[in-house]
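Undergrad: Attaching a predicted model along with its sequence, questions to come.
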Amino acid sequence: MDLEDLRALMSVIKAKLMNRPIALCDIGDADGLTSAALFLMKYPNGLIVFAPPSKVQKGWLYRVIEWDFVADLPCPGKAVARADHHRTNKPCAQFEYYDPEAPCSAYMAAKGLNLNDSKAQDLVKVAIETDTANIASKEAEEIDMAARFSNYSEKVKLAKALAREGLMALNEPWVKDIVERGYRAKELMLKIADQIPIDNVVNVYFSRRVGSLSYRQLTIELQKRGASMVNILVKLNSRTFRYYCGADKSKFDCTRVASALGGGGHPYAAGAQYKAPLLKPSQGLEVFVRVLKDKLNMDKLSLIEVLNDASGVGIRRLQL
């Protein structure tokens, strides 16, 4: 249990004692953030806890609690209601607002919470744009930036502000600061994208994290430049690896790779997080290469390694 988990546990215990409704939402993107805001629109005294899918699937803390509402996540085990659209997440709540054909979880959350006013529907609209990687409005882009580049406490504050003010919360100076942080990170992402050669399938390995880079943004950018499938592996620490996938679902299915690595998502966007054996940390990359070869039916794999050191960010191309 890390410090963030401990804080979440203490908040949940306090909320339970005060008979406040509690919700668990995805920490990683705008769909989870807007779903949380919709919950707080319905229950202004509610408590929001954010977590990634990997913790919900594997962390005991999230599984022992009975949640009033879960959104954009696998079912933690005990939930009254859940809103989701991921084909790889099995329903289990007492009341499921689940449709794998829905454009985003916020769309299902609004239905489940019976929120039809314009403020709620504006949040759903931007969630659809961000979760389908079809960002057309300034509001959707800023919500996407705010969701990806806020820290935990900022994310909770954002959910509360969006619940109160809707998209007008984007005009708050502190929200603009977070969005600007995102634009600076996007500049770095574009510099890295400029160095990566575009093939039908692009496979990228980060042996260390690069600042506040959004790897999901990078998959989208490389797809815009012509790749039909982008597979990114990031080494988070000596044993922990994070996988990101984006694909043209008419040609490829991200869930085939993500599921084999212990994760899930959509055919067009999926991910996973896994650990290498304690005594063989190098197997983290080996597993990634082996799974890609198997699922993509390849004998040889072209892999772009992103190098990040004092001299800057560069790449080298490997044949494995």
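TA: Sure thing, it's come through.

Undergrad: Could you tell me how many residues sit around N171?
TA: By other C-beta atoms under 10 Å, 10 other residues sit near N171. (C-beta placed from N, C-alpha, C; glycine too.)

Undergrad: can you give me phi and psi for it?
TA: phi -80, psi -10 (degrees, to the nearest 10).

Undergrad: What segments of the stretch 201-320 of the chain are strands?
TA: Using DSSP state E, counting those that start in this stretch, the strands found in the stretch 201-320 of the chain span residues 201-206, 229-235, 240-247, 264-265, 269-275, 302-309, 312-319.

Undergrad: right, and the helix or strand after the helix or strand E4 falls within?
TA: Using DSSP states H and E, E4 maps to helix 3-17. For helix 3-17, the following helix or strand on the C-terminal side (DSSP H and E) is strand 22-26.

Undergrad: Name every strand pairing with that following strand and say which way it goes.
TA: strand 47-51 (parallel), strand 67-71 (parallel) (DSSP bridges).

Undergrad: tell me the angle of it relative to helix 3-17?
TA: Counting by axes from the mean of the first three to the mean of the last three C-alpha atoms, to 10 degrees, strand 22-26 lies at 150 degrees to helix 3-17.

Undergrad: Tell me the secondary structure at V175.
TA: helix (DSSP: H, G, I helix; E, B strand; the rest coil).

Undergrad: I meant to write E129 there.
TA: What three-state DSSP gives for E129 is helix.

Undergrad: My guess is it contacts K138. True?
TA: No - with contacts counted by C-beta atoms under 8 Å, E129 stays clear of K138, the gap being 10.6 Å.

Undergrad: ok, back up a step: of all the strands paired with strand 22-26, which lies closest to V257?
TA: For V257, the closest of these is strand 47-51, at 22.9 Å, according to C-beta to C-beta.

Undergrad: Give the next helix or strand downstream of that closest one.
TA: Using DSSP H and E, the helix or strand that follows strand 47-51 in sequence is helix 53-58.

Undergrad: Export the helix holding E4 to CSV, keeping only CA atoms.
TA: Output of helix 3-17 as CSV, limited to C-alpha atoms (Å, rounded to 0.1, in the frame of the first residue of the first chain):
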residue,chain,number,x,y,z
LEU,A,3,0.8,6.8,0.5
GLU,A,4,-1.9,7.5,-2.1
ASP,A,5,-3.7,4.3,-1.2
LEU,A,6,-3.5,5.0,2.5
ARG,A,7,-4.9,8.5,2.0
ALA,A,8,-7.8,7.0,-0.1
LEU,A,9,-8.5,4.5,2.6
MET,A,10,-8.7,7.1,5.3
SER,A,11,-11.0,9.3,3.2
VAL,A,12,-13.3,6.3,2.5
ILE,A,13,-13.5,5.4,6.2
LYS,A,14,-14.3,8.9,7.1
ALA,A,15,-16.9,9.1,4.3
LYS,A,16,-18.5,5.8,5.4
LEU,A,17,-18.8,7.1,9.0
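
Undergrad: packing partners for it?
TA: Using 3 or more C-beta pairs under 8 Å, 6 or more residues apart in numbering; DSSP states H and E, the elements in contact with helix 3-17 are strand 22-26, strand 47-51, helix 60-64.

Undergrad: so which of these is the most packed in?
TA: Sort those by mean neighbour count, taking mean count of other C-beta atoms under 10 Å, and strand 22-26 sits at the top with a mean of 27.

Undergrad: which residues are in contact with it?
TA: Contact with strand 22-26 is made by 12, 15-16, 32-33, 35-36, 39, 43, 46-53, 56, 62, 65, 67-73, 76, 79, 105, 159, as judged by C-beta atoms under 8 Å, 6 or more residues apart in numbering.

Undergrad: at 6 Å instead, please
TA: 12, 15, 32, 35-36, 39, 47-50, 67-73 (C-beta atoms under 6 Å, 6 or more residues apart in numbering).
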